[in-house]
Structures are given as structure tokens and as C-alpha cells.
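Asks: got a sequence here, can you model it:
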Amino acid sequence: MKILPAVDILGGKAVRLTRGEYASAKTYYQDPLAAARAMELCGAKYLHVVDLDGARSGRTDNFETIKKIVENTALKVEVGGGVRDLERVEKYLAAGAFRVILGTAAVKNYPFAVQAQRLFPGRIAVGVDAKDGCVAIDGWEEKTPLKGVDFCQRLAGDGICDVIYTDVARDGAMSGTNLDIYRTLTGIKGLRVTASGGVTEMAEIAALREMGADGVILGKALYEGALDLKKVTEAFG
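Replies: Predicted structure coming up:
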């Protein structure tokens, strides 16, 4: 199972949000590269990076910072936030990202997501961020009527196999993850699920691995010391 510590970038700094609320941002590192290097020293092989500025603006606001992380670590970096067209997908892949995450664009322009997967097989993931079970877009600020599980089924049916599913209500809340939704999602044929949001205990990671999750993203629990990344990577990485 992939262990993906998270580095979320807002205003050029590594931050964590609570339940996706930008006003809740807490800065942990002034330099996101320092955060990435700390993760690497703890045994991480993968890194989940989100341009929070880009998620709202629809631009690649923190591209140079993310490129610096890719170039100055050996981590396999997946990148999301503000990726709205093929040009930006190509830009991140050319910079060395191992995978690019589509979020809002996959909802608003579904054919684009299908096209991206066909052009770059295995290099595209879709981030499905759910509020009350419905997909949220534009930096989690707008909730759509689209059910998260239904959307995941559609993605798998169209060959978009890699999904990063976040229960926004759990994200950054240090309250545990929504294991029930991942039991449902891992039962969808052809879907590779990365769990994100609220994971705070080793037992939860073990449960996710047991049910067949492809990966797990760890955020605030690492930054606040509830989880020890070195122990996590030794046990599950």
C-alpha cells in the first residue's frame, strides 16, 4: 500500500486545513521543500502535494515550489490543485511528477478527464472530495448534487481507475477516517482507491490495507504527532 504524506501549499507555505476551510489554515513549514525532505528522511517513497491556491484560482500558482520538491528529493510526487487542462497536466508530468490529480475539472469537464487518462495512462488520478456524500469542487467551497460513490463508479467504468477519495468533514479534524465509505469504494470493480481525510491511528491504516485500499494520505496526524511517519513506513510502506 502506498503511504503518501501530504504537503498542502498555500501562500508558498506548507499548511494544513481543517475540514477544507481556508480560514483554518495552520502553517507548519515556511518552506514546503523542508517538509518534503523531512518526510523523505522518515522513509516516505511517495508524496501528495496540493496547490491550495491553485485549487481556488484554477491556475498553477505554486508550480515552481512543487517543481523544486520534485527536483530536490527522490520522492514520487503526485500533484493536484488548479489542473484544468492538458497543458497543465503535461507541465507537471514534464517537471517530473509521477501522477497528476484532477479535481474540479473532472467534474465540470468530464470528457477532459477521460482524454487525459487515455493520453497519459496510469499517470492520472481523480480527486473526489465529498461533503455529506456529495462531490465538492473549487477548493471544496461548492457542493454539487453529484453523489461521490456514483461518480467513482462512473470513473471506473470509463477506465479512470485511480481515485483519491476525501471525506471533507473528516479532513484535518483528527477524528478518525470514514472506513465505511472505503469499504464501499474498494468494492467497485476496477477502482484503485486512495483514502484521504482524518486518518489518525495505525489501526485505521491496517484496516484500509486489509480492505484493499491502494494508498492512504496522511496529513495533520503527522504534523501534530499523532502518527509517527517512520513507524508507519516501516509497518506499511
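
Asks: where does the chain have low pLDDT?
Replies: For the chain, applying pLDDT under 70 flags the ranges 139-140, 171-174.

Asks: just the strands in it please.
Replies: Here the chain has its strands, by DSSP state E, at 2-10, 13-18, 21-29, 46-51, 76-80, 99-102, 124-131, 134-137, 142-147, 162-167, 192-196, 215-218.

Asks: neighbouring strands for the second one, and are they parallel or not?
Replies: Okay, so that is strand 13-18. Strand 13-18 pairs in its sheet with strand 2-10 (antiparallel), strand 21-29 (antiparallel), by DSSP bridges.

Asks: flag every buried residue along that strand.
Replies: Buried residues in strand 13-18, counted by 16 or more other C-beta atoms under 10 Å: 13-17. Backbone N, C-alpha and C define where each C-beta goes, glycine included.

Asks: quick one: which of the strands of the chain is nearest R88?
Replies: Closest approach to R88 among the strands of the chain (C-beta to C-beta): strand 99-102, 7.9 Å.

Asks: list of residues touching the closest one?
Replies: Strand 99-102 has contacts (C-beta atoms under 8 Å, 6 or more residues apart in numbering) with 50, 76, 78-81, 83, 88-89, 92-93, 112-113, 116, 120, 122-127, 162, 164.

Asks: buried among the residues you listed? Make that a PyMOL selection.
Replies: Buried residues among the contacts of strand 99-102 (16+ other C-beta under 10 Å), as a PyMOL selection:
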select buried, resi 50+76+78+79+80+81+83+88+89+92+93+112+113+116+123+124+125+126+127+162+164
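
Asks: burial count for the closest residue to T65 other than its chain neighbours?
Replies: Closest residue to T65 apart from its sequence neighbours, by C-beta to C-beta, 6 or more residues apart in numbering: P32 at 5.6 Å. Using other C-beta atoms under 10 Å, P32 is surrounded by 24 other residues.

Asks: mind listing what P32 touches?
Replies: Applying C-beta under 8 Å, 6+ apart, we find P32 in contact with 7, 9, 12-14, 49, 62, 65-66, 69.

Asks: ok, V199 next?
Replies: 176-177, 205, 208, 216-218, 221, 227.

Asks: that one and D158, how far apart?
Replies: 28 Å (C-beta to C-beta, to the nearest Å).

Asks: isn't S24 up against L17?
Replies: Yes. Judged on C-beta atoms under 8 Å, S24 makes contact with L17 at a distance of 5.3 Å.

Asks: just name the most buried of the strands paired with strand 13-18.
Replies: Sort the strands paired with strand 13-18 by mean neighbour count, taking mean count of other C-beta atoms under 10 Å, and strand 2-10 sits at the top with a mean of 24.
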